[in-house]
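1. Make a model of this:
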Amino acid sequence: MKKLDFISIFAFIIVGFSAYYIFGFFFFKGENNAEPVYNTVVNENTDKKAEETKGRSAINLDNCDLRKYDMDCKITKFLEQNLAWANKSEGIDFCAYDYLGGKEGNVYLKAFCEEFYVSDKEMVCPNKEILNKCFVSKDKSECSECSVKDAPKHIVQASGVSVPVRLTESGESFTMWTPRDGSLYDKDLRAEFPADIYPLVSKSKKNLGAITLERAEDYFGAKAVFNVEKTLEDSCNSALDCSDVPGEFTMKSNCPYEMRCIDGKCVVGCYDLIDHFELPIEGK
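-> Down below sits the predicted model:
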């Protein structure tokens, strides 16, 4: 082999190793060594894709009062605009949180957000066979034998998120940190949440889902479909006044039972938050 060939091969090897260490560091870094991700507020002027899915809040800070839910309006609005996201053009995000503690300028929360909108239509199919065809049809081309009917105006759900959050004040707003998913979730929480606050994430009992629904109902002037199974003796003014779902219902699997306050009484039952125009039903 000529001397020139040895030089060429050696140069090729050097270039290859250099490329690996330069680019491989960024693209093949093992997740076990990765640092927790800091999610900061997206710049609306430079990230159009993020703007399209950014959450929408209905809160007006000039007349907002969330004290009955033990929540701060500024924090809640920030979560609705930056933690939640919008899937529907008519959707509005409503967040609730449980305050876990604060240290060194940081606020630790268990946050829960849901996007709701109002529906007054439903698609009804005559039998299960046609229902199944309509259900899997992306453009509703298989729904011609189904009929669209009027329904009482009611709230339906479009998207949701539940996650522990750390907020740090940054000028007039906040920066936000959330743990990553999967096997890194607990590792991130242990690394970023103080030792005395970390256990509170799993001990939180505040009914965040009921709060978001109550807020949505107040905003839209419509109710969510809620099938009451049992009315309890406990009196209430809001969802915060109702205790956990009674044990006799927690073991049932026909639906995820919830507590809510209706006409001053705590009741247990099941929500139907599905848009039945998007997901049709069989005729009754």
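2. So T212 sits against A96, correct?
-> Yes: counting by Cβ atoms under 8 Å, A96 is a contact partner of T212 at 5.1 Å. Placement of C-beta: from N, CA and C, glycine included.
3. buried ones in stretch 126-141?
-> Across stretch 126-141, burial judged by 16 or more other Cβ atoms under 10 Å covers I130, L131, K133, C134, F135.
4. what does that stretch contact?
-> M123, C125, E142, C143, E145, C146, L279, P280, I281, E282, G283 (Cβ atoms under 8 Å, 6 or more residues apart in numbering).
5. same deal with stretch 206-220?
-> So stretch 206-220 is contacted by 58, 69-71, 92, 94-98, 110-114, 116, 118, 155, 162, 223-224, 238-240, 242, 258-261, 271 (Cβ under 8 Å, 6+ apart).
6. And those residues, which of them are buried?
-> Counted by 16+ other Cβ under 10 Å, the contacts of stretch 206-220 give 69, 71, 92, 94-98, 110-114, 116, 118, 155, 224, 239-240, 242, 258-261, 271 as buried.
7. so the closest residue to L279 other than its chain neighbours is in which element?
-> Computed as Cβ to Cβ, 6 or more residues apart in numbering, the closest residue to L279 that is not its neighbour in sequence is F135, at 6.8 Å. Element membership for F135 (DSSP states H and E) is helix 128-136.
8. Give the next helix or strand downstream of that helix.
-> strand 147-170.
9. Determine how far that following strand lies from the middle of the whole chain.
-> Once both centres are worked out by Cα atoms, centre = their mean, to the nearest Å, strand 147-170 turns out to sit 7 Å from its chain's centre.
10. what mean pLDDT does it have?
-> When pLDDT is averaged over strand 147-170, the result is 93.
11. What distance do you get for G105 to T76?
-> 19 Å (Cβ to Cβ, to the nearest Å).
12. An error on my part: the question was meant for R166.
-> 16 Å.
13. Same question for V165.
-> Taken as Cβ to Cβ, the span from V165 to T76 is 12 Å.
14. Can you check which residues contact both of these two?
-> With Cβ under 8 Å, 6+ apart as the test, V165 and T76 both reach Y97.
15. Can I get stretch 276-284 in PDB, CA atoms only?
-> Output in PDB follows, covering the C-alpha atoms of stretch 276-284 (Å, rounded to 0.1, in the frame of the first residue of the first chain):
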ATOM      1  CA  HIS A 276     -70.800  13.200  21.000                       C
ATOM      2  CA  PHE A 277     -70.700  15.000  17.800                       C
ATOM      3  CA  GLU A 278     -67.100  14.000  17.400                       C
ATOM      4  CA  LEU A 279     -67.600  10.600  19.000                       C
ATOM      5  CA  PRO A 280     -71.100   9.400  18.000                       C
ATOM      6  CA  ILE A 281     -73.500   7.400  20.100                       C
ATOM      7  CA  GLU A 282     -76.000   4.600  19.300                       C
ATOM      8  CA  GLY A 283     -79.600   5.700  19.000                       C
ATOM      9  CA  LYS A 284     -81.700   5.200  22.100                       C
END
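16. contacts for it?
-> So stretch 276-284 is in contact with 119, 121-128, 131, 134-135, 143, 146, 148, 151, going by Cβ under 8 Å, 6+ apart.
17. Sort those residues by pLDDT and name the bottom one.
-> pLDDT across those is lowest for F135, at 88.
18. just for this protein, where's the confidence low?
-> For the chain, the stretches flagged by pLDDT under 70 are 1-53, 284.
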